[in-house]
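Chemist: need coordinates for the below:
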Amino acid sequence: MDEPSTAGRRVAAFFDLDKTVIATSSMFVFSRPFYTQGLLKRRAVLKSNYVHFLFLLSGADHDRMERMRAQLTSVCAGWNVEQVKSIVAEKLHELVDPLIYAEAIDLIADHKIRGHDVVIVSASGEEIVAPIARALGAAHTAATRMVVADGKYTGAVEFYCYGKGKVTAIEEIAAREGYDLADCYAYSDSNTDVPLLTAVGHPTAVNPDRSLRREAQGRGWPIVTFSNPGPLWARVQPPPFTMVAATAVVGLSAALTGVISFSVLRRRRGR
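Modeler: Prediction:
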């Protein structure tokens, strides 16, 4: 059955980040530079590696996400926010670029061609998620926010963008931007994001953990596999001719936006 027309209505595609757009945990990616610049202690790095191993092995269930939240709050108390932002900005392209799924890039480009806004929704910290989202050309970001006082994290969480918290975040964005969630799309790998997926009209399970796979099969949701992370620039391809022909005006603008985003993200070494 054809999807109802959304002509004249604003539509968003909400993407989880970890293991959906990138092949690992975005928080873990920056653990080494955080360590080398004195933010993380060796014991915290080892603990982070262990939690990351469990995350890759069996996904992000509720208990594991709560442990990750507790770890985040305990280790980041006292960190200088501007130092964190500086590290992420300096290492973003080197560390994140090779981890982005080519299939996710294609899907993001497809949504842009169709005139949809792309929104990254992640339980990771805002200072990490927002720069990645901007590099991907996302229109909006929803992420976990920590309490800051005198330029430093206090260790308290202002907003945890996880589970039903993600629904709260996308509802706020939808109300502000004029999206009807029944027209919108969502993509995630984790059963903890079932609330997010059920909040939109077009959910898709990406690299689903076992629980989400069962849920998706039971609900008749599409299931897709992303398995091709690596350098972006070599993988950027023009959209299919038929798609461009069908959406000529919107497609040209979106394609140009996408190419600019990819160029910014790649920033070849040696410049």
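
Chemist: count of neighbours near residue 150?
Modeler: 7 (other CB atoms under 10 Å). Heads up, the C-betas are built off the backbone N, CA and C, glycines and all.

Chemist: same question for residue 15.
Modeler: A count of nearby residues for residue 15, using other CB under 10 Å, gives 25.

Chemist: any low-confidence regions in this protein?
Modeler: Residue ranges of the chain with pLDDT under 70: 1-8, 42-72, 231-271.

Chemist: in the stretch 51-200 of the chain, which spans are helices?
Modeler: Counting by DSSP state H, counting those that start in this stretch, one finds helices in the stretch 51-200 of the chain at the ranges 62-76, 81-96, 102-113, 126-135, 164-177, 194-198.

Chemist: send the alpha carbons of the third one over as CSV?
Modeler: Only the C-alpha atoms of helix 102-113 are listed here, as CSV (Å, rounded to 0.1, in the frame of the first residue of the first chain):
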residue,chain,number,x,y,z
ALA,A,102,27.7,4.2,4.5
GLU,A,103,24.2,2.9,4.6
ALA,A,104,23.2,5.5,7.1
ILE,A,105,24.7,8.3,5.0
ASP,A,106,22.7,7.1,2.0
LEU,A,107,19.5,7.0,4.1
ILE,A,108,20.2,10.5,5.5
ALA,A,109,20.8,11.8,1.9
ASP,A,110,17.6,10.1,0.7
HIS,A,111,15.5,11.8,3.5
LYS,A,112,17.1,15.2,2.6
ILE,A,113,16.3,14.6,-1.1
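
Chemist: which one of the helices of the stretch 51-200 of the chain lies closest to residue 20?
Modeler: For residue 20, the closest of those is helix 102-113, at 6.9 Å, according to CB to CB.

Chemist: what about the closest one, distance to the chain center?
Modeler: Its chain's average C-alpha position is 13 Å from that of helix 102-113, according to CA atoms, centre = their mean, to the nearest Å.

Chemist: ok, and the closest non-adjacent residue to residue 166?
Modeler: residue 196 (4.5 Å; CB to CB, 6 or more residues apart in numbering).

Chemist: would you confirm that that neighbour contacts residue 184?
Modeler: No: the pair residue 196 / residue 184 is not scored as a contact, 10.6 Å apart, by CB atoms under 8 Å.

Chemist: overlap in contacts, the two.
Modeler: Both residue 196 and residue 184 are contacted by 14, 170, under the criterion CB atoms under 8 Å, 6 or more residues apart in numbering.

Chemist: quick one: contacts for the residue nearest to residue 166?
Modeler: Residues counted as contacts of residue 196 (CB under 8 Å, 6+ apart) are 14, 16, 121, 166, 167, 170, 186, 188, 203.

Chemist: mind checking how far the first one is from residue 108?
Modeler: In this structure, residue 14 and residue 108 are 12 Å apart, going by CB to CB, to the nearest Å.

Chemist: neighbour-wise, which of those two wins?
Modeler: Shown here are residue 14 and residue 108; by other CB under 10 Å, residue 14 has more neighbours (30 against 25).
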